[in-house]
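Enquirer: fold the following, please.
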Amino acid sequence: MPLAEPTDSVAAAAPRPTPPGRAKKFGAAATRKAIPAETGSLYAARRKIQPQAVRGTFRTIKWILLAVTLSVYYLVPFLRWQRGPGEPSQAVLLDLDRGRFYFFSIELWPQDVTYVMGLLILAAFILFLMNAVAGRVWCGYLCPQTVWTDLFLAVERLVEGDRRERLKLDAAPWSIEKLALRTMKHAIWLLIAWWTGGAWVLYFADAPTLVTRLATFQAPAVAYVAILTLTATTYLLAGHMREQVCTYMCPWPRIQGSLTDEHSLNILYRDDRGEPRVSAKRTALLRAAGQPAGDCVDCFACVTACPAGIDIRDGLQMDCIQCGLCVDACDTVMGKLGRPKSLIGYDTEANRRSRAAGGPPVSRILRARTVLYGILVATVGGIMLYGLATRSFVSLSVLHDRQPLFVTLSDGSVRNGYTVRLINKRPGERRFALAVEGLPESRVEVVGGTPEDMPVPSDSTQEFRVLVFAPADTRPDRSVPLTFRITDPATGETAHAQDTFKAP
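Expert: Prediction:
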């Protein structure tokens, strides 16, 4: 694990030196971040972290969000949405064969890639806003790595027991019982990972149909490859790598420092109240003698509960995902001792400094960067909603012939050829009328049809060969711009495209 790296806004909360005997008292987890002074190494040897189960407000929030997010992921492919005859009935579907993305009543074509870009930009601004307000709240509660790691840890506790039992099992020699427990745990992990990969491919084809084809080994080979790949990555990342993904593979811990300031909420230790640390038995004696004694009893409950294995009392660190489990662990201990809670909790560096100086509480959720991010989120979201509400369901593109650019006929008139592509984004066949503007007294012909009746099948595109003639007496002596306009007489919906008419 890397050395704890406080962000610029929390530089004052530098790590405290490890007290003598602390490593001996706490064991491997207390020394996992120790750095040999003689080598100056930035990394320590990898040690397996066995978090302690805790109960409390933040753990309850994490369970609720875990249940909601996993339910959405696993069940959404099976939701139905009727779109009409010949259209897919899956509510959320990325149809690669037809080049469509369906989201309930919304249907996006490849030409609508701007909406995908807008959604990515909106997600980035929302993430920036969340970080400016409450630090790495995304990492601690909603990140897929966190959600699936929590699920895998729950399975591990169910099979092997809580932290003490798992540590004993790790240290115990191999036996039939240990082999059975490990086999059961990894089998459940693989089952969850397999269904995670299976649920992913269901977003790309009709879910009930694909499930049947997968079960009867009639699905495409790419589906099996995708499931095996996602099974392996989920099993490795959530079951074995866990916090290493957040520390080494994810760039967000290194980026979030530039988005956080002294008014951002983060999980912080109230050292003004907790120091100096003494045992619960000595606290009353020291306070009776007029000597300082903090509320922290150095029980390491916050460390054993941390899925990253860090000590939050050493200050804000890059490894911390702000999940709040250390808060629940500490509040439980404080409650048993009859002391005020929130010795560890969400706080700001500005409020911490003000409190240390004897000043009033400081809280500035609304400030320049949060207002800016909020405006950006509202602007991008508003533009996307307006675009979706007003977008056209018909489109037109025109391609001029390259060879020849024009043809001079025997009567002196000039002919230009075009390939016109019409796009019908609605269910049901539509018939369009074509008009060409910009060339007086011109004549339009549609090969194999008429300009007044150009049929386009349901939810598809159709190409037409269009010829435009300029009479000899009014033909231009240079290229002139043309406007091709199509109209749906049934709905009045129109679309247009620009091109040019070439002349000698």
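
Enquirer: chain center to stretch 295-315, what's the gap?
Expert: Averaging C-alpha positions (CA atoms, centre = their mean, to the nearest Å) puts stretch 295-315 29 Å from its chain's average.

Enquirer: measure it end to end?
Expert: 17 Å (CA to CA, to the nearest Å).

Enquirer: likewise for stretch 86-104?
Expert: End-to-end span of stretch 86-104 (CA to CA): 16 Å.

Enquirer: taking the centroid of the protein, which residue is nearest it?
Expert: The chain has residue 143 as the residue nearest its centroid, 6.9 Å off, counting by CA atoms, centre = their mean.

Enquirer: and the gap between it and residue 209?
Expert: Distance, residue 143 to residue 209, by CB to CB, to the nearest Å: 32 Å. C-beta: built from backbone N, CA, C; applies to glycine.

Enquirer: again, but for residue 401
Expert: Residue 401 is 43 Å from residue 209, by CB to CB.

Enquirer: between the two, who's got more neighbours?
Expert: residue 401 (16 against 12; other CB atoms under 10 Å).

Enquirer: what's the more buried one in contact with, if anything?
Expert: With contacts defined as CB atoms under 8 Å, 6 or more residues apart in numbering, residue 401 is in contact with 416-419.

Enquirer: could you do residue 252 as well?
Expert: So residue 252 contacts 136, 139 (CB under 8 Å, 6+ apart).

Enquirer: mind checking pLDDT for it?
Expert: Predicted confidence (pLDDT) for residue 252: 86.

Enquirer: contact partners of the helix or strand containing residue 73?
Expert: Using DSSP states H and E, residue 73 sits within helix 57-75. If you take CB under 8 Å, 6+ apart as the criterion, helix 57-75 is touched by 140-142, 147, 150-151, 195-196, 199, 323-325, 327-328, 331.

Enquirer: let's see 6 Å
Expert: Helix 57-75 is contacted from outside by 141, 147, 150, 199, 324, 327-328, using CB atoms under 6 Å, 6 or more residues apart in numbering.

Enquirer: what of stretch 267-286?
Expert: Here stretch 267-286 makes contact (CB under 6 Å, 6+ apart) with 292-298, 312-313, 322, 337, 343-344, 347, 356.

Enquirer: switch to 7 Å and redo it
Expert: Applying CB atoms under 7 Å, 6 or more residues apart in numbering, the external contacts of stretch 267-286 come out as 292-298, 312-313, 316, 320, 322, 324, 326-327, 337, 343-344, 346-347, 352, 355-356.

Enquirer: do the same with stretch 88-103
Expert: Under CB under 7 Å, 6+ apart, the answer for stretch 88-103 is 76-77, 79-83, 104, 107-110, 203-204, 206-207.

Enquirer: who wins on neighbours among the contacts of residue 401?
Expert: residue 416 (25 neighbours).

Enquirer: tell me which of the contacts of stretch 88-103 fall in strands.
Expert: Taking DSSP state E as the definition of strands, those contribute 107-108.

Enquirer: show me which of the contacts of stretch 88-103 are buried.
Expert: 77, 83, 107-109, 203-204, 206-207 (16 or more other CB atoms under 10 Å).

Enquirer: farthest-separated two in the contacts of stretch 88-103?
Expert: Across these, the longest distance by CB to CB is 24.9 Å; it joins 80 and 110.

Enquirer: distance from stretch 117-127 to the middle of the chain?
Expert: Distance of stretch 117-127 from the chain centroid (CA atoms, centre = their mean) equals 10 Å.

Enquirer: what angle do the lengthiest helix in the chain and helix 57-75 make?
Expert: Determined from DSSP state H, the single longest helix within the chain is helix 176-201. Following axes from the mean of the first three to the mean of the last three CA atoms, to 10 degrees, one obtains 60 degrees for the angle between helix 176-201 and helix 57-75.

Enquirer: name the spans of the chain whose pLDDT lies under the cut-off.
Expert: The chain contains residues with pLDDT under 70 at 1-46.

Enquirer: all the strands of it, residue numbers only.
Expert: Counting by DSSP E, the strands of the chain are 92-95, 100-103, 106-108, 266-269, 344-347, 394-400, 407-408, 414-424, 430-437, 443-446, 454-456, 460-470, 480-487, 494-501.

Enquirer: let me see the domain layout of this protein.
Expert: 8-32+261-360, 57-108+143-249, 394-501 (automatic domain parsing).

Enquirer: can you say which of those domains is packed in most?
Expert: Among the domains of the chain, domain 8-32+261-360 has the highest mean neighbour count (mean count of other CB atoms under 10 Å), at a mean of 18.

Enquirer: can you measure across stretch 66-82, start residue to end residue?
Expert: The first and final residues of stretch 66-82 sit 29 Å from each other (CA to CA).

Enquirer: mind starting the numbering at 260 from now?
Expert: Sure thing, new numbering starts at 260, so read that last one as stretch 325-341.

Enquirer: what separates it from the chain centre, distance-wise?
Expert: For stretch 325-341, the distance to the chain centre is 16 Å (CA atoms, centre = their mean).

Enquirer: hang on, isn't residue 725 packed against residue 679?
Expert: Yes - with contact defined as CB atoms under 7 Å, residue 725 counts as touching residue 679 (4.8 Å).

Enquirer: okay, the domains of the chain in CSV with distance to residue 381 next?
Expert: Formatted as CSV, the domains of the chain follow (distance: least, CB to CB, whole Å):
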stretch, distance to residue 381
domain 267-291+520-619, 21
domain 316-367+402-508, 15
domain 653-760, 23
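
Enquirer: so which of these comes closest to residue 640?
Expert: Residue 640 lies closest to domain 316-367+402-508 among the domains of the chain, at 14.6 Å (CB to CB).

Enquirer: the stretch 410-559 of the chain: helices as residue ranges?
Expert: In the stretch 410-559 of the chain, the helices defined using DSSP state H, counting those that start in this stretch lie at 422-430, 435-460, 466-474, 480-495, 502-503, 511-514, 530-533, 539-547.

Enquirer: who wins for proximity to residue 757 among the ones you listed?
Expert: In terms of CB to CB, the element of those nearest to residue 757 is helix 480-495, at 40.5 Å.

Enquirer: got a list of contacts for that closest one?
Expert: Contacts of helix 480-495 (CB under 7 Å, 6+ apart): 407, 448-449, 452-453, 455-457, 459-460, 469, 473.

Enquirer: do you know how far the nearest residue to residue 738 once chain neighbours are set aside is from residue 529?
Expert: Leaving aside its sequence neighbours, residue 738 sits nearest to residue 759 (CB to CB, 6 or more residues apart in numbering; 4.9 Å). Per CB to CB, residue 759 is found 73 Å from residue 529.

Enquirer: circling back to that earlier point, and the residue nearest to residue 738, bridged to which residues?
Expert: residue 740 (DSSP bridges).

Enquirer: what separates it from residue 654, distance-wise?
Expert: 20 Å.

Enquirer: same check, this time on residue 686
Expert: In this view, residue 686 and residue 654 are 16 Å apart by CB to CB.

Enquirer: kindly report the same for residue 592.
Expert: Plainly put, residue 592 is 64 Å away from residue 654 if you go by CB to CB.

Enquirer: chain neighbours aside, what residue packs nearest to residue 505?
Expert: Leaving out its chain neighbours, the residue that sits closest to residue 505 by CB to CB, 6+ apart is residue 580, at 5.8 Å.
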